[in-house]
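Peer 1: Structure of the sequence below:
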Amino acid sequence: MINRVSTFSQYQNLTSNLMRKQGAVNNTNEQLATGKRIKTAGDDPIASVSTQKYKQQLVQIEQFQKSITLANNRLGTLETSLKNVETHVDSAKQKVIGMINGAMAGDDKTAFKNELESLYEGLLNLANTQDEGGNYVFAGHLVRTQPFMEGSNGVMDYKGDSGHREARIDTSVHVKTSQPGDLVFQGIDNPFGDYRPDYAGLQPDSELALLSAKNAVSADTSGYRVNFHDDGQGGLNYELFRNGQSQGVNQYDPAKGIQFVDATVGSEADLDVQLDGDIKPGDSVSLDKTSTIDLFQTLNDAIKYSEYPTSSPEARASLQRSIEELNASYVHMNQRRAEVGTEMKTLDTYESQHKDFELSLNKAKGSLEDLDYSKAIIELNEDMLALQASQAAFNQTKQLSLFNYL
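Peer 2: Residues are numbered from 1 along each chain as shown. This is a model prediction of the structure:
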């Protein structure tokens, strides 16, 4: 049996072949134009899946890099503010040291007081610093709430919370981009230990000063007062009061200081108070329990006692207390800045890691989807030759007709 192939079938086959060759040429031309080997998943399914994973990782890295940039900006603002607070604290300390000078004239004290008041206002402005977005830097999580406001009683009230803002810079890595104001300005370690002295009960020629006051029982929140009396033999006795109740009279030994044992707790010393200076009979010093000091209160006290005469033992001892607290504040601010520096160093480390990983991902992605130009040009030439051959065959075939042989 003889099978006949119609002219229409030959024509259709040649047309389909011609279109395939033309499509191959067009595809190679498009690859050369875009520089990409894969346009759709159908071009290379396996490579396409891997490329999509690489792209997702690159998008995530871009998000981390943006987060690092934002965190750097926030930490930069925080670091600048803390540096300025350090400067204010150091300046205030120098002014207070100057005020202790007994030879200072009244005009000089007034000038120093005015400078302290200016430093106080500057410190308050720094405590209420806002970033470029209008967020309060030292408000914790309550970034839209002004953190520090002075109450009618002169006490500084903190309106923020104790939280830290954070930025996610890697899959499971977060850095702190803020520090709460209660920690920065009101959480300064007490340089005297567990108590803050009140020198209102000093005698005119007294030089008493507290060195340290510590309590081994953290749960003891009692307030203490120590009164000194002449023992009649050229020495001193002291009477210790706890919440206003006398705990007895003892001989004062400057080498041992003042120690109080609560018999209900144990046999070791609970309260340990060390004093310095020339203590006079009739001197009294109160000890208020506090493990931290408030920088605003310290400056307020310095301003208050700047109005006292330089001969006042209360003013002299209180200003010396302010100096110790300002020293502790300066160290505290330096520690806060060090923490900011640590966070910024972490940002630099992860930023460098992300850049390296991004480079590796782009290289891996490029090896799958980027075009090999030399290979593509060779394929284009081959496709062009194949297309020309198909066109020639098509031209020859379409001229075939029985009438040519009649």
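Peer 1: from here on, contacts and neighbour counts on C-alpha atoms
Peer 2: Noted.
Peer 1: What ranges does the stretch 251-400 of the chain have for its strands?
Peer 2: Under the criterion DSSP state E, counting those that start in this stretch, the stretch 251-400 of the chain contains strands at 258-260, 271-276, 284-289, 292-293.
Peer 1: of all those, which lies closest to V217?
Peer 2: Among the strands of the stretch 251-400 of the chain, the nearest to V217 by Cα to Cα is strand 271-276 (8.1 Å).
Peer 1: Show me the shaky parts of the stretch 51-200 of the chain.
Peer 2: 51-52, 54, 102-107 (pLDDT under 70).
Peer 1: and A219, how many residues sit next to it?
Peer 2: When neighbours are counted by other Cα atoms under 10 Å, A219 registers 7.
Peer 1: Now do the contacts for it.
Peer 2: Residues counted as contacts of A219 (Cα atoms under 8 Å, 6 or more residues apart in numbering): none.
Peer 1: Which strand or helix spans it?
Peer 2: Taking DSSP states H and E as the definition, A219 sits outside all helices and strands.
Peer 1: Please report phi then psi for it.
Peer 2: phi -80, psi -10 (degrees, to the nearest 10).
Peer 1: Just the residues contacting stretch 239-246, thanks.
Peer 2: S222, G223, Y224, R225, V226, N227, F228, H229, Q247, G248, V249, N250.
Peer 1: List the ones among those residues that fall in strands.
Peer 2: Y224, R225, V226, N227, F228, H229, Q247, G248, V249, N250 (DSSP state E).
Peer 1: Please identify which of those is nearest to A127.
Peer 2: Y224 (32.7 Å).
Peer 1: Identify the bridge partners of that closest one.
Peer 2: Note on Y224: beta-bridge partners by DSSP bridges are R242, L287.
Peer 1: farthest pair in the ones in strands among the contacts of stretch 239-246?
Peer 2: Y224 and H229 (16.7 Å).
Peer 1: G248: neighbour count?
Peer 2: G248 has 10 neighbouring residues, counting by other Cα under 10 Å.
Peer 1: same check, this time on D276
Peer 2: Quick note: D276 (other Cα under 10 Å) scores 14 neighbours.
Peer 1: ok, and the closest non-adjacent residue to it?
Peer 2: Leaving out its chain neighbours, the residue that sits closest to D276 by Cα to Cα, 6 or more residues apart in numbering is A209, at 5.2 Å.
Peer 1: re the thing from before, nearest to D90, out of the strands of the stretch 251-400 of the chain?
Peer 2: strand 292-293 (16.6 Å).
Peer 1: before we move on, the earlier item: whichever of the ones in strands among the contacts of stretch 239-246 end up buried, select them in PyMOL.
Peer 2: In PyMOL, this line selects whichever of the ones in strands among the contacts of stretch 239-246 come out buried by 16 or more other Cα atoms under 10 Å:
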select buried, resi 224+225+226+227+228+229
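Peer 1: With distance to D276 as added columns, please give the ones in strands among the contacts of stretch 239-246 in a markdown table.
Peer 2: Below are these laid out as a markdown table (distance: Cα to Cα, whole Å):
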| residue | distance to D276 |
| --- | --- |
| Y224 | 18 |
| R225 | 16 |
| V226 | 14 |
| N227 | 15 |
| F228 | 14 |
| H229 | 16 |
| Q247 | 22 |
| G248 | 22 |
| V249 | 20 |
| N250 | 18 |
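Peer 1: that older thread, the residue nearest to D276: what's it in contact with?
Peer 2: Applying Cα under 8 Å, 6+ apart to A209 gives the contacts L275, D276, G277, A317.
Peer 1: Apply 10 Å and report the result again.
Peer 2: 197, 199, 202, 274-279, 285, 313-314, 316-318, 320-321 (Cα atoms under 10 Å, 6 or more residues apart in numbering).
Peer 1: Please compute how far the longest helix anywhere in the chain lies from its chain's middle.
Peer 2: Taking DSSP state H as the criterion, the chain has its longest helix at helix 313-369. Going by Cα atoms, centre = their mean, to the nearest Å, the spacing between the C-alpha centre of helix 313-369 and its chain's C-alpha centre is 7 Å.
Peer 1: what about it, average pLDDT?
Peer 2: Taken as a whole, helix 313-369 has a mean pLDDT of 89.
Peer 1: quick one: the nearest residue to H229 once chain neighbours are set aside and Q245, what's the gap?
Peer 2: Once flanking residues are discounted, H229 sits nearest to P281: 4.6 Å by Cα to Cα, 6+ apart. Distance of P281 to Q245, given as Cα to Cα, to the nearest Å: 20 Å.
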